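A.B. asks: Everything below, folded, please.
(one chain, ligands or ions: 2)
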Amino acid sequence: MRLLLVHPSALMYSEIFLRLEPLGLERVAGAARAAGHDVRVVDLQVFSHDELRREVSAFRPQAMGVSLNYLANIPEAIDLARKVKLSFPDCFVFLGGHSVSFVAEDVLDQAQGAVDAVVRGEGEPAVAPLLEAVRDGGVDAVPGVVTASGRGPEPVMLHSIDNPLPARDLTRRRRRYFIGELDPCASIEFTRGCPWDCSFCSAWTFYGRSYRKASPQAAGEEMASIAEPNVFIVDDVAFIRPEHGHAIAAELERRRIRKRYYLETRSDVLLRNEEVFARWTRLGLRYMFLGMEAIDAEGLDLYRKRVSPDENFRALETARRLGINVAINLIVDPAWDAERFRVVREFAMSVPEIVHLTVMTPYPGTEIWHTESRRLTTRDYRLFDIQHAVVPTTLPLEEFYRELVRTQAVINRKHLGLRTAVGAIRLLAGNLARGQTNFARMLWKFNSVYNVDRQVADHLRPVRYELPLPRHLDVGNRRQLYVHSRPPVRDTAD
Ligand code: B12
Ligand code: SF4
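C.D. replies: Ligands and ions are numbered 1, 2, ... in the order given. Just a heads-up that it's a prediction; the model follows:
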């Protein structure tokens, strides 16, 4: 079957700091291709809608799957489905990915027949049976699939994440994927799932709090096949199990693979497993996201982060000692007043690290979606990108954005300040010499992306598709939040 897989456009944040390869979609493509299908991938982060239209006309797909990891992309995906159905009414259109798994029925309703099915949960085990059922009948009986007639059997989880390999050869314009100065940059997955249960996050609910590891051999082999000199490790929390991190490091050492790496982890994991991070710096680990979330104990308790401010600060010292550049994430509560923003600006200026701000947003699939008592001020999917306020702000909305943008601008100026700029010029020159312009563009784009007028105007756009209203739940039984409810058999990498 001719299958076209599409990744939606980049969101606001990605316009500046990063643009990464659609790894989940590439893995779904890998599974479909292994089952004998003719697969193409179009990533709208790096292709225009016009180019997609031309691809659809030339390829004439019999099925089209759209990746919906981000709620904010849902309107774009529904519109796309409608357009494709107009020209090719027989093309089977399905959606899959993290966010759409939590709102499958609502999105099917909103698409009014333009979307034939939503796949909840992991796409690799579902895609081949789904395409087979599209040809032979029985779509409703495919595990994980939701159609207008209801939910089929529960989604199936991969036993081992070693296979299928992502079909990286199907993503074109790969040189446009980058993160900061790691330009160009590929992505890789060493583990899947997260054993913690932070109240604002849906990573643990999607995978039913399970945690799987790639075998070190498979990880080494995959890394060897990556052409890019830089790699983003997509794991929610890298190196939770130090022996696993060491085993992959040993594989890379044996194969003499040296690249530069960016990863995401928690402060307590870094403190506990310092040695494995130190070993990875020798292999090329350069950057790390630390989700600090709050600078005080009260905020950390609120998000059930299970980390103390002291651990966060010690983790920063450890990272500095290891020579790893850290990007800290802090969650901005819409309840903040001007004084609170001032304190955060002061904090951001007092540390050498890069500080990112994201706005507290209740998402379907998170615990706070069901427990947050403040009502939503908007149900426009496009504003659920953690850069907009979707619950009431204490400050008038415009004032809130003024403070937010001001804080972001102060932080940005700090990063682009003279000292950084001198360092950046060297990197920039190197990248430009290799024809890589993503990082250079990023440096100049800040003001056009982050500005008060744009943020406020985003709230005034006509809304065609709205998020469902949260259902208040007693989340005593957390399993009701899960997409994958049965943990898989433990894999051999233990
Ligand atoms: C790596 C990552 C990123 C990367 C790369 C994103 C990319 N290009 O794909 C970066 C750093 C760029 C990123 C950025 C953001 N991210 Co992010 N990110 C993740 C993370 C940690 C892992 C995703 C991943 O690659 N997993 C590995 C691959 C193999 O799995 P996967 O993509 O989920 O794909 C599987 C399934 O979803 C499904 N599937 C996926 N696509 C399709 C398509 C079809 C047709 C089918 C059938 C199935 C299917 O099958 C795949 C294989 O099993 C997730 C958390 C998580 N654990 O999922 C958050 C997560 C997806 N991100 C999140 C957010 C909020 C963001 C940002 C909006 C944050 C921001 N404002 O700063 C940005 C926006 C990015 C953008 N699109 O512009 C939220 C999503 C919230 C939501 N409900 O919308 C998540 C869930 C994190 C969280 N804490 O809640 N992110
Ligand atoms: S925020 Fe991080 S540690 Fe907390 S549940 Fe999500 S992925 Fe896990």
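A.B. asks: what's the helix or strand for the nearest residue to Ile295 once chain neighbours are set aside?
C.D. replies: In space, and not counting its chain neighbours, Ile295 is closest to Phe347: 5.5 Å by CB to CB, 6 or more residues apart in numbering. Any C-beta I mention is one placed from the backbone N, CA and C, and that applies to glycine too. Applying DSSP states H and E as the criterion places Phe347 in helix 338-350.
A.B. asks: any idea which helix or strand comes after that helix?
C.D. replies: strand 354-359.
A.B. asks: by contact count, what packs against that following strand?
C.D. replies: Packing partners of strand 354-359 (3 or more CB pairs under 8 Å, 6 or more residues apart in numbering; DSSP states H and E): strand 325-332, helix 338-350, helix 397-415.
A.B. asks: Using JSON lines, please lay out these together with mean neighbour count and distance to ligand 2.
C.D. replies: Formatted as JSON lines, the helices and strands packed on strand 354-359 follow (neighbours: other CB atoms under 10 Å; distance: least, CB to the nearest ligand atom, whole Å):
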{"stretch": "strand 325-332", "mean neighbour count": "20", "distance to ligand 2": "9"}
{"stretch": "helix 338-350", "mean neighbour count": "15", "distance to ligand 2": "19"}
{"stretch": "helix 397-415", "mean neighbour count": "19", "distance to ligand 2": "21"}
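A.B. asks: And for the residue of the stretch 301-450 of the chain found nearest ligand 2, the neighbour number?
C.D. replies: In the stretch 301-450 of the chain, no residue comes nearer to ligand 2 than Lys305, which is 6.7 Å away by CB to the nearest ligand atom. Lys305 is flanked by 25 other residues according to other CB atoms under 10 Å.
A.B. asks: Next: Asp337.
C.D. replies: 13.
A.B. asks: any bit of stretch 185-201 sitting next to ligand 1?
C.D. replies: Yes: counting by CB under 6 Å from any ligand atom, ligand 1 is contacted by stretch 185-201 at 189, 201.
A.B. asks: mean confidence for that stretch?
C.D. replies: Stretch 185-201 comes out with an average pLDDT of 94.
A.B. asks: before we move on, what about stretch 90-106?
C.D. replies: Stretch 90-106 shows a mean pLDDT of 97.
A.B. asks: still on that earlier bit, so what pLDDT did the residue of the stretch 301-450 of the chain closest to ligand 2 get?
C.D. replies: Lys305 is given a pLDDT of 76.
A.B. asks: May I have the secondary structure class of the residue most central in space within the chain?
C.D. replies: Nearest to the mean C-alpha position of the chain, counting by CA atoms, centre = their mean, stands Asn69 at 6.8 Å. Classification of Asn69 using DSSP: H, G, I helix; E, B strand; the rest coil returns coil.
A.B. asks: Please look at it and Ser101 and confirm they touch.
C.D. replies: No: using CB atoms under 8 Å as the test, Asn69 is too far from Ser101 to be in contact (9.5 Å).
A.B. asks: Quick one: name whatever helix or strand follows the helix or strand containing Trp204.
C.D. replies: Trp204 belongs to helix 203-206 when assigned by DSSP H and E. Using DSSP H and E, the helix or strand that directly follows helix 203-206 along the chain is strand 212-213.
A.B. asks: Figure out the length between the terminal residues of stretch 191-198.
C.D. replies: The first residue of stretch 191-198 is 18 Å away from its last residue (CA to CA, to the nearest Å).
A.B. asks: Is any residue of it near ligand 2?
C.D. replies: Yes: interface with ligand 2: stretch 191-198 contributes 194, 196-198 (CB under 6 Å from any ligand atom).
A.B. asks: which outside residues touch that stretch?
C.D. replies: For stretch 191-198, contacts defined as CB atoms under 8 Å, 6 or more residues apart in numbering pick out 161, 201, 203-204, 207, 209-214, 235-238, 240-241, 244, 266, 293, 303-306, 367, 478.
A.B. asks: do you know how far the residue of the stretch 301-450 of the chain closest to ligand 2 is from Val46?
C.D. replies: Using CB to CB, to the nearest Å, Lys305 is found at 34 Å from Val46.
A.B. asks: do the same with Arg286
C.D. replies: For Arg286 relative to Val46 (CB to CB), the value is 24 Å.
A.B. asks: can you check His459 too?
C.D. replies: 28 Å.
A.B. asks: Then Val142?
C.D. replies: 31 Å.
A.B. asks: for Asp169, same thing?
C.D. replies: Counting by CB to CB, the gap from Asp169 to Val46 is 15 Å.
A.B. asks: Give me the more crowded residue out of these two.
C.D. replies: Just comparing Asp169 and Val46: by other CB under 10 Å the higher neighbour count belongs to Val46, 20 against 13.
A.B. asks: can you redo the helices and strands packed on strand 354-359 as CSV with mean pLDDT and distance to ligand 1?
C.D. replies: Formatted as CSV, the helices and strands packed on strand 354-359 follow (pLDDT from 0 to 100; distance: least, CB to the nearest ligand atom, whole Å):
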stretch, mean pLDDT, distance to ligand 1
strand 325-332, 90, 8
helix 338-350, 91, 16
helix 397-415, 87, 12
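A.B. asks: Tell me which of those sits nearest to Ile386.
C.D. replies: Each of the helices and strands packed on strand 354-359 has some distance to Ile386 by CB to CB; the shortest is strand 325-332, at 8.4 Å.
A.B. asks: helices or strands next to that closest one in the packing?
C.D. replies: strand 285-293, helix 309-322, strand 354-359.
A.B. asks: Just put the ones you listed in TSV and tack on distance to ligand 1, mean pLDDT and mean neighbour count.
C.D. replies: Formatted as TSV, these follow (distance: least, CB to the nearest ligand atom, whole Å; pLDDT from 0 to 100; neighbours: other CB atoms under 10 Å):
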stretch	distance to ligand 1	mean pLDDT	mean neighbour count
strand 285-293	8	90	22
helix 309-322	18	93	17
strand 354-359	6	88	20
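A.B. asks: and the helix holding Trp204, does that touch ligand 2?
C.D. replies: Yes: shown here: helix 203-206 in contact with ligand 2 (CB under 6 Å from any ligand atom) through 203-204.
A.B. asks: what does that helix rub up against?
C.D. replies: With CB under 8 Å, 6+ apart, helix 203-206 has contacts from 98, 101-102, 121, 193-198, 236, 365-367, 478, 481-484.
A.B. asks: Equivalent analysis for stretch 272-284, please.
C.D. replies: Contacts for stretch 272-284 (CB under 8 Å, 6+ apart): 239-240, 242, 245-246, 249, 252-253, 257-261, 265, 270, 285, 318-319, 322-324.
A.B. asks: Buried subset of these as a PyMOL selection?
C.D. replies: Burial among the contacts of stretch 272-284 is assessed by 16 or more other CB atoms under 10 Å; the matching PyMOL selection reads:
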select buried, resi 239+240+242+245+246+249+252+259+260+261+265+270+285+318+319+322+324
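A.B. asks: Could you tell me which of the contacts of stretch 272-284 belong to strands?
C.D. replies: Among the contacts of stretch 272-284, the ones falling in strands (DSSP state E) are 260-261, 265, 285.
A.B. asks: just those residues now: which is nearest Val146?
C.D. replies: Thr265 (33.8 Å).
A.B. asks: okay but that closest one is in contact with Gly245, surely?
C.D. replies: No: counting by CB under 8 Å, Gly245 is not a contact partner of Thr265; they are 10.0 Å apart.
A.B. asks: so which helix or strand takes in Pro129?
C.D. replies: helix 124-136.
A.B. asks: so how far is the helix or strand following that helix from its chain's centroid?
C.D. replies: Past helix 124-136, further along toward the C-terminus, the next helix or strand under DSSP H and E is strand 145-147. How far strand 145-147 lies from its chain's middle: 23 Å, per CA atoms, centre = their mean, to the nearest Å.
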